[in-house]
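> Sequence plus the predicted model coming up.
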Amino acid sequence: MNPKPTGHVLGKDLILTRTFRAPIADVWTSVTESESTARWFGRWEGDAGAGKTVRLQLLQREGSAMDERDDREVRGAAPPRRHDEG
């Protein structure tokens, strides 16, 4: 069974939507540390942060890495907070 795609393209941006059933600290780690991101999306290298560039290597199906790597700008990231914190 192939998973249903959860992303969409908006201009030149690929917007991915994910739902995690895990503690919030684990979710933050899964999107901000390359070793964790590599398990579900792809490995990246560089100094990540808003306005900085990282070199991204996406995963293909079955978890194998693609041969190509691309530079991508990090537009922003905010630490986790609960929805009811306003």
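Structure's in. What do you need?

> CA only for contacts and neighbour counts going forward, please
Fine.

> helices and strands around the longest helix anywhere in the chain, which ones?
Secondary structure assigned by DSSP state H gives helix 24-32 as the longest helix of the chain. Under the contact criterion of 3 or more Cα pairs under 8 Å, 6 or more residues apart in numbering; DSSP states H and E, helix 24-32 touches helix 34-37.

> residues in contact with the helix it packs on?
29-31, 42-45 (Cα atoms under 8 Å, 6 or more residues apart in numbering).

> just curious, which of these is nearest to Arg81?
Thr29 (13.6 Å; Cα to Cα).

> Skipping adjacent residues, who's closest to the closest one in space?
Excluding its sequence neighbours, the residue lying closest to Thr29 (Cα to Cα, 6 or more residues apart in numbering) is Ser36, at 6.7 Å.

> all strands of the chain, in order?
Using DSSP state E, the strands of the chain run over residues 7-10, 13-16, 42-45, 53-58, 70-73.

> Which among those is found nearest to Pro80?
strand 13-16 (17.0 Å).

> What strands flank that closest one, and is each parallel or antiparallel?
If you go by DSSP bridges, strand 13-16 pairs up with strand 7-10 (antiparallel).

> Run the chain-centre distance for the strand it pairs with.
Chain-centre distance of strand 7-10: 14 Å, with Cα atoms, centre = their mean, to the nearest Å.

> contact partners of it?
Under Cα under 8 Å, 6+ apart, the answer for strand 7-10 is 14-17.

> returning to that earlier point: mean neighbour count added to the strands of the chain, as a markdown table?
Formatted as a markdown table, the strands of the chain follow (neighbours: other Cα atoms under 10 Å):
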| stretch | mean neighbour count |
| --- | --- |
| strand 7-10 | 10 |
| strand 13-16 | 10 |
| strand 42-45 | 19 |
| strand 53-58 | 19 |
| strand 70-73 | 13 |
